[in-house]
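Student: please work out how this folds:
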Amino acid sequence: MRTLDWAVMGATLAAIVAYGIVRGRGSKNISGYFLADRSMRWYTVALSIMATQASAVTFTSAPGQAYADGMRFVQYYFGLPIAMVILSVTAVPIFHRLKVFTAYEYLEHRFDLKTRTLTSIIFLIQRGLGVGITIYAPSLVLSVVLGWSLTWTSVLIGGTVILYTTSGGVKSVNWTDMQQMLVIMGGMALAFVMTILLLPKDISFTDALTVAGGMGRLNVIDFSFDPNNRYTLFSGIIGGMFVALAYFGTDQSQVQRYLTGRSVTQSRLGLLFNGIAKVPMQFLILLLGVMVFVFYQFVTPPIFFNPVERERVAAGPSAGAYAALEGQYGTASEEKSMAIRAYLQERRAGTESSLAAARKTLEEKEAAAQAIRAKAVGIIRTTDPSADPSDTNYIFLTFVLSYLPAGLVGLVFACIFAASMSSSSGELSALASCTIVDIYKRHIRPAASDRHYLFVSRGAMALWGVYAIAFAQFASRLGSLIEAVNIIGSLFYGTMLGIFLLAFYLKFVRGTAVFCAAFVGEAVVLYCFLFTGISWLWYNVVGCLAAVASAALFEALLRRGRGEGGPSPRPTGS
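Tutor: Below is the predicted model:
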């Protein structure tokens with residue numbers, strides 16, 4: 001990066017952190033530290049929810065995902081608006097009425113202590129893994145830009161997040177989230193505009209969309225019903241709705257955001273705004289990746305976008321063969337560019353037969369280029385058997401560094417770091433609140449002072465940050481980060497959602513049945529993950545249904561064993 005880029009990125013991030021520290025001052029107890037004294041207005045709640053959800057993974061990996069696989073990932077979000085309406089009607093008023101610190105406190109009101117504790121532990125496991133990925137993503141950025149060790153860059157990023165998060169608690173998190181989200185949206189919008197402006201002068205935006213559609217990148221809707229197909233309309237609406245219900249209804253990192261709302265109405269408005277805005281926002285981020293794909297149809301891209309692996313091959317015994325493939329790939333890319341222009345010409349004036357011929361030629365040129373790339377990936381894997389054959393996480397970063405003007409590069413990188421800061425800081429705050437409120441205060445020191453709990457809360461937040469940094473060292477093995485972070489959550493969310501649905505709607509089910517059912521639901525999900533090809537979007541549906549059905553069965557068996565003929569009495573606090 002150039003001097004102006006460093007200046008823009010440094011000034012933007014310093015201003016955000018300083019603003020958050022100033023706005024977060026004054027927390028004297030855990031109510032202020034974890035819930036901002038329930039004082040936030042809806043727009044702060046809404047932008048904080050969006051910022052926590054839209055981590056650096058969204059802005060580093062999602063454009064690359066669209067480059068490689070098209071727009072179909074957006075279907076994952078189609079169930080989100082439905083989920084926001086359901087949660088606004090059910091979860092929000094219950095959590096506000098009980099004045100809980102965490103979502104899992106409600107489970108003790110409804111069931112018992114062991115169910116609350118088990119669900120808290122499930123959350124701590126999955127969110128602890130997830131926050132490691134959100135720290136890894138910007139660490140990857142900095143290591144590529146500066147050539148630093150990935151270990152030290154993750155320590156640097158994670159340490160910075162720990163410092164600013166522990167200082168101000170959730171109030172600092174929420175206020176900086178709002179500023180970060182504004183910076184992110186502005187920066188990504190400018191990057192999108194520049195991507196269009198960088199297209200060849202004879203290629204209009206309409207032409208770019210035509211190319212993207214002709215090469216299978218505008219595959220927004222897939223009407224097939226195949227559980228092994230990862231992204232379809234049905235998996236998005238049904239599976240995506242279950243993911244969103246679990247994420248926003250049972251994951252403390254999101255529940256904590258709307259628990260800070262000053263009223264039920266303010267929390268509801270924050271959730272509903274997120275449901276309305278998230279789908280178009282994600283659509284535009286993916287469309288940015290598609291425009292980068294179109295740009296690289298007229299400018300020869302790297303045969304492999306990961307610069308570390310390219311350099312490793314260049315220094316190894318296969319350097320000559322790899323260089324020859326790069327030359328062939330450049331020639332194939334030029335031929336494909338000519339085929340694209342011919343295809344566009346036929347689209348404007350040709351007949352159906354000539355258009356079909358032009359499309360076939362384009363498909364052949366694309367297949368030839370991909371075959372050469374596959375050979376290059378084979379050499380990379382031979383040189384380094386542990387190398388990740390997927391380079392989607394590097395595509396957008398390579399484009400930004402190579403083609404965007406000075407200043408805007410720094411702003412885009414500031415967006416990526418701001419997204420990481422907002423997401424990981426919110427997650428660390430949620431992990432700390434769950435650890436202190438559900439585990440430490442409930443089981444270890446139930447009668448300590450507010451000052452003691454506040455001190456231990458800061459320590460817990462720092463320790464979770466260290467854990468996340470440690471897990472970040474393994475995140476490079478997970479492939480596309482935008483998928484990895486969602487897959488990890490989906491291994492646990494279905495079970496958690498099943499527990500909360502039982503709490504909300506099946507009043508006859510008691511705690512012991514739910515406790516046992518949680519293990520059944522988790523076992524079913526892990527079986528699907530390890531031994532089937534079912535898309536991860538369906539894990540949430542399967543886990544939820546397994547937990548609900550087995551809980552109802554266990555309750556019936558337990559009642560029969562107790563000799564109870566009628567419905568169980570309604571537990572206190574339900």
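
Student: low pLDDT regions in the stretch 351-500 of the chain?
Tutor: Counting by pLDDT under 70, the stretch 351-500 of the chain shows low-confidence ranges at 474-485.

Student: pLDDT of stretch 1-17, averaged?
Tutor: The average of the pLDDT scores along stretch 1-17 is 83.

Student: next SSE downstream of the helix or strand of the chain with the lowest mean pLDDT?
Tutor: Between all helices and strands in the chain, the lowest mean by mean pLDDT, DSSP states H and E belongs to helix 30-35, at a mean of 69. Going down the chain from helix 30-35, the next helix or strand is helix 42-53, by DSSP states H and E.

Student: tell me the mean pLDDT for that next one?
Tutor: Here the average pLDDT along helix 42-53 is 78.

Student: alpha carbons of stretch 232-252, as PDB, please.
Tutor: Written as PDB, here are the backbone C-alpha positions of stretch 232-252 (Å, rounded to 0.1, in the frame of the first residue of the first chain):
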ATOM      1  CA  THR A 232     -31.400 -23.100  -3.400                       C
ATOM      2  CA  LEU A 233     -34.500 -21.000  -2.900                       C
ATOM      3  CA  PHE A 234     -36.000 -23.600  -0.500                       C
ATOM      4  CA  SER A 235     -32.800 -24.100   1.500                       C
ATOM      5  CA  GLY A 236     -32.600 -20.300   1.800                       C
ATOM      6  CA  ILE A 237     -36.100 -19.700   2.900                       C
ATOM      7  CA  ILE A 238     -36.500 -22.700   5.100                       C
ATOM      8  CA  GLY A 239     -32.900 -23.400   6.200                       C
ATOM      9  CA  GLY A 240     -32.000 -19.800   6.200                       C
ATOM     10  CA  MET A 241     -35.000 -18.900   8.400                       C
ATOM     11  CA  PHE A 242     -33.900 -21.600  10.900                       C
ATOM     12  CA  VAL A 243     -30.400 -20.200  10.800                       C
ATOM     13  CA  ALA A 244     -31.600 -16.700  11.400                       C
ATOM     14  CA  LEU A 245     -34.000 -17.800  14.200                       C
ATOM     15  CA  ALA A 246     -31.200 -19.600  15.900                       C
ATOM     16  CA  TYR A 247     -28.600 -16.900  15.400                       C
ATOM     17  CA  PHE A 248     -30.700 -13.900  16.400                       C
ATOM     18  CA  GLY A 249     -32.900 -15.700  18.900                       C
ATOM     19  CA  THR A 250     -30.400 -18.000  20.800                       C
ATOM     20  CA  ASP A 251     -26.900 -16.600  20.100                       C
ATOM     21  CA  GLN A 252     -25.900 -14.200  22.800                       C
END
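
Student: so how far is it from its chain's centroid?
Tutor: 13 Å (Cα atoms, centre = their mean, to the nearest Å).

Student: what's the following helix or strand after the helix or strand harbouring L288?
Tutor: Element membership for L288 (DSSP H and E) is helix 264-295. Per DSSP H and E, the first helix or strand lying C-terminal to helix 264-295 is helix 307-314.

Student: any buried residues in that next one, and which?
Tutor: 307, 309-310, 312-313 (16 or more other Cβ atoms under 10 Å). Placement of C-beta: from N, CA and C, glycine included.

Student: and for stretch 542-554?
Tutor: 542-548, 550-552, 554.

Student: stretch 382-393 now?
Tutor: Quick answer for stretch 382-393 (16+ other Cβ under 10 Å): 383, 387-388, 390-393.

Student: redo those residues as a markdown table? Include secondary structure and distance to P138.
Tutor: Converted to a markdown table, those look like this (DSSP: H, G, I helix; E, B strand; the rest coil; distance: Cβ to Cβ, whole Å):
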| residue | secondary structure | distance to P138 |
| --- | --- | --- |
| T383 | helix | 27 |
| A387 | coil | 22 |
| D388 | coil | 18 |
| S390 | coil | 19 |
| D391 | coil | 18 |
| T392 | helix | 16 |
| N393 | helix | 11 |
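
Student: turn those residues into a markdown table, including distance to V524.
Tutor: Shown next, in a markdown table, are the buried residues of stretch 382-393 (distance: Cβ to Cβ, whole Å):
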| residue | distance to V524 |
| --- | --- |
| T383 | 40 |
| A387 | 34 |
| D388 | 29 |
| S390 | 28 |
| D391 | 34 |
| T392 | 30 |
| N393 | 31 |
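
Student: now the helices for the stretch 351-500 of the chain?
Tutor: Ranges of helices in the stretch 351-500 of the chain, per DSSP state H, counting those that start in this stretch, are 352-383, 392-403, 408-434, 450-472, 481-505.

Student: could you identify which of those helices is most buried?
Tutor: helix 408-434 (a mean of 27; mean count of other Cβ atoms under 10 Å).

Student: list the buried residues of stretch 437-453.
Tutor: Buried-residue list, stretch 437-453, by 16+ other Cβ under 10 Å: 437-442, 453.

Student: re the thing from before, of the buried residues of stretch 382-393, closest to G216?
Tutor: Sorting these by how near they are to G216, with Cβ to Cβ, puts T392 at the top with 15.8 Å.

Student: can you give me the distance of that closest one to V377?
Tutor: 13 Å (Cβ to Cβ, to the nearest Å).

Student: what residues are shared contacts of those two?
Tutor: Residues touching both T392 and V377 by Cβ atoms under 8 Å, 6 or more residues apart in numbering: none at all.

Student: ok, F248 touching V85?
Tutor: No - when contacts are counted by Cβ atoms under 8 Å, F248 is not listed as touching V85 (11.3 Å).

Student: neighbour-wise, which of those two wins?
Tutor: F248 (26 against 13; other Cβ atoms under 10 Å).

Student: tilt between whatever helix or strand the more buried one lives in and helix 481-505?
Tutor: Using DSSP H and E, F248 sits within helix 240-250. Angle between the axes of helix 240-250 and helix 481-505 is 70 degrees (criterion: axes from the mean of the first three to the mean of the last three Cα atoms, to 10 degrees).

Student: quick one, helix 240-250 and helix 264-295 angle?
Tutor: Using the same axes, to 10 degrees: helix 240-250 against helix 264-295 is 130 degrees.

Student: for the record, mean pLDDT for helix 240-250?
Tutor: 85.

Student: count the neighbours of G533 for me.
Tutor: Count around G533 with other Cβ under 10 Å applied: 9.

Student: my read: it touches N228, true?
Tutor: Yes - using Cβ under 8 Å, G533 is in contact with N228, at 4.6 Å.

Student: on that earlier part again, wait, which of the buried residues of stretch 542-554 is closest to L397?
Tutor: G543 (34.2 Å).
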